[in-house]
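>>> Here is a sequence together with a model predicted from it:
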Amino acid sequence: MDLKNLRTFQAIVDQGSYQKAASFLGYTQSTVTIQIQQLEEELGVPLFQRVGRRMVLTQIGEQALIQVRELLLAADRLREVGQAGQALSGTLRVDIVETLLCYQMQPVIQAFREQAPQVRLIIHNTTCQKVSESLKEGACDLGVCYVMDWNQELLQIEPLDSSPEVILVAAPDFAYPDFVTPHQIKPVSLIIDEPDSLFRRRLEEYLQEQDITLDETIELWSTETIKRCVMSNLGFSFLPRFVVEKELADGSLVELKAPISGIRNPVLCVRHKKRWVTPAMELFMKLLRELLPVEQHFP
């Protein structure tokens with residue numbers, strides 16, 4: 001069984017289409033199609049089926065994907081054994097939540113590229129919840145995210161030496177800064193990102209406990225867009241302090257005082273418990289421990 005065909009099958013699933021898989025692997029789309037046809041003929045079953053304009057896995061394809069991921073992991077592990085003592089090579093896939101990727105990860109990524117130039121580093125900007133899903137599915141090797149209340153049965157979780165404060169922020173002329181007094185109806189908007197975020201859920205629980213009702217919640221998936229909307233006085237947000245430290249310093253944002261503002265949310269490095277730790281993974285985790293900025297405590 002040709003490993004190239006198996007890698008193509010995995011890439012189609014991970015990238016979402018034949019075309020994206022071809023671009024990812026450096027093949028033509030016709031080559032990808034031929035490789036999947038060869039694999040289906042060898043297995044004697046269809047792996048994909050067309051639903052509307054999309055190609056989706058068949059039920060047998062979903063079962064095959066699990067075995068294919070295990071085979072490719074074993075092949076990668078065997079290759080690493082053969083390359084012991086040589087320069088690091090291969091591919092490392094790391095899923096990172098946006099705030100950490102945008103504001104904290106540059107020293108780690110730069111050092112990794114300098115120390116492992118032959119490793120193909122693939123970084124995916126994602127959410128905490130999807131980090132867990134990708135690790136369990138084998139779609140990434142490492143995840144860097146905030147603490148979550150996951151089922152940890154399959155995940156190896158290492159807390160890093162970083163536990164940033166998450167604070168309430170608004171524009172200086174925000175008209176409703178009181179988030180302490182209970183039983184309020186506030187005609188303002190919360191501007192925030194993923195609904196599965198643990199610190200978002202903590203904020204919503206706090207507001208419910210205080211019986212503070214908001215006008216609406218605006219979900220945006222870009223931290224910079226959230227900040228600009230808040231600075232334009234379109235609402236308030238709940239963000240890690242390191243994300244807004246520049247704006248706090250220049251006065252374009254202010255911290256709103258409340259018991260919920262300043263809670264800490266630890267940063268984690270996560271991997272699958274059954275995933276062999278390659279030398280590239282070990283190096284990336286080492287650099288995370290050494291170079292990930294540690295936010296200082298603000299009284």
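Noted; the coordinates are in hand. Residues are numbered from 1 along each chain as shown.
>>> those helices in the stretch 51-200 of the chain, which residues are they?
Using DSSP state H, counting those that start in this stretch, the helices of the stretch 51-200 of the chain run over 59-82, 98-103, 106-115, 128-137, 198-209.
>>> Pull the residues that contact the worst-scoring helix or strand of the chain on mean pLDDT.
Lowest on mean pLDDT, DSSP states H and E among the helices and strands of the chain sits helix 59-82, with a mean of 80. The set of residues external to helix 59-82 that reach it, using CB atoms under 8 Å, 6 or more residues apart in numbering, is 3, 6-7, 9-10, 13, 43, 45-48, 57, 90, 137-138, 275-276, 278-279. For every residue, glycine as well, the C-beta is placed using N, CA and C.
>>> how about Arg202, what does it touch?
Ile260, Ile263.
>>> How about Ser162?
With CB under 8 Å, 6+ apart, Ser162 has these contacts: Gln104, Pro266, Val267, Leu292, Pro293, Val294, Glu295.
>>> The third one - how many residues pack around it?
Neighbourhood size, Val267 [other CB atoms under 10 Å]: 24.
>>> Bridged to it, which residues?
Counting by DSSP bridges, Val267 is bridged to Tyr146.
>>> before we move on, the earlier item: now the least confident helix or strand of the chain against helix 128-137, angle please.
80 degrees (axes from the mean of the first three to the mean of the last three CA atoms, to 10 degrees).
>>> In helix 59-82, which residues are buried?
Using 16 or more other CB atoms under 10 Å as the test for burial, helix 59-82 gives Gly61, Ala64, Leu65, Val68, Arg69, Leu72, Leu73, Asp76, Glu80.
>>> do stretch 255-267 as well
For stretch 255-267, a neighbour-count test (16+ other CB under 10 Å) marks Glu255, Leu256, Ala258, Ile260, Ser261, Gly262, Ile263, Asn265, Val267 as buried.
>>> Out of the residues you listed, which is nearest to Gln129?
Nearest to Gln129 among the buried residues of stretch 255-267, counting by CB to CB, is Asn265 at 14.3 Å.
>>> residues in contact with the residue nearest to the closest one when sequence neighbours are not counted?
Distances taken as CB to CB, 6 or more residues apart in numbering put Tyr146 closest to Asn265, at 4.7 Å, once the chain neighbours are dropped. Counting by CB under 8 Å, 6+ apart, Tyr146 touches Val97, Leu100, Cys128, Ser197, Leu198, Phe199, Asn265, Pro266, Val267, Leu268.
>>> wait, the fifth one sits on Gln129?
No: the pair Leu198 and Gln129 does not pass the contact test of CB atoms under 8 Å, sitting 9.7 Å apart.
>>> Now do the shared contacts for these two.
Residues touching both Leu198 and Gln129 (CB under 8 Å, 6+ apart) are Met148.
>>> Since that was my last question, I'll sign off now.
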